[in-house]
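A.B. asks: Provide a 3D model corresponding to the input given below.
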Amino acid sequence: MEYVTAVPHPRTEAARPARTGRRSLALTLLCGALGAAVALLATRQQWAAGTASVAGGTFPLTARGSDVTGVPAALAIVGLAALVAVFAVRRAGRVVVAGLLALCGAGTVAAALTGASDGSALDDQAAKASGDTAATVDALTHTAWPYAAAAGGALILLAGLLALRYGRLWPAMSGRYERTGAPRPRRAATAVDPDRPEDLWKALDRGEDPTGA
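C.D. replies: All right, here's what the predicted structure looks like:
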């Protein structure tokens, strides 16, 4: 009894890297853009609330993410720039930019999680409201928005890791207009009819010798 071994078609084998590259590229763009959008949105929301003791009662205080820390928003913007720059560079440059993208994501996660329990922004507000520099916020509570910012940072981190892993399979911006310093090839000389004055003038304009062989 003979056994026939299936041999993969060469075209199928060659198409696999291209499919993998397209899928990873789409996933990277989605994760990076979505993560940056979530992180930026989350920093504009309320992260913490509390009260300050003032003469005659208490004063409510709130703090947005940007009041607590500006790091997640800044890193999200840098991450967006790095996401675009990944496609403008090649080889080692792409690895460096992809690493920067991953670091932006990791930094966003760390800063957001640190800010999730930070009450210093509200302490400053309490000191201003009460007129006492030693005053601190009372009844401090936090929302879930810092964790949303951390989730956005995780998506940026994932985009960076995907770029590091599959970036070599992605296309780069066309080098069609890049200047390489190589001399431009000269156009082949066009045959000149000595009986046609217009041909003689065109040859002179091109820098050719119309009397040459």
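
A.B. asks: please count neighbours and contacts with C-alpha atoms only from this point.
C.D. replies: OK.

A.B. asks: pull out the buried positions in the longest helix along the chain.
C.D. replies: Secondary structure of the chain per DSSP state H: the longest helix is helix 10-43. Along helix 10-43, these residues count as buried under the neighbour rule (16 or more other CA atoms under 10 Å): 21-22, 24-25, 27-29, 31-43.

A.B. asks: quick one: distance of it to the chain centre.
C.D. replies: Offset of helix 10-43 from its chain centre (CA atoms, centre = their mean, to the nearest Å): 12 Å.

A.B. asks: any idea how far Val38 is from the residue nearest the centre of the chain?
C.D. replies: Computing the C-alpha centroid of the chain and ranking residues by CA atoms, centre = their mean puts Leu83 first, at 2.2 Å. Taking CA to CA, to the nearest Å as the measure, Leu83 and Val38 are separated by 15 Å.

A.B. asks: in a helix, that's where Val84 is, yeah?
C.D. replies: Yes. Following the definition DSSP: H, G, I helix; E, B strand; the rest coil, Val84 is counted among the residues of a helix.

A.B. asks: setting aside sequence neighbours, what's the nearest residue to Val71?
C.D. replies: Nearest residue to Val71, sequence neighbours excluded (CA to CA, 6 or more residues apart in numbering): Ala111, at 6.3 Å.

A.B. asks: now do the strands in this protein.
C.D. replies: Counting by DSSP state E, the chain has these strands, from start to end: 46-54, 57-64, 138-142.

A.B. asks: no further queries at this time; thank you.
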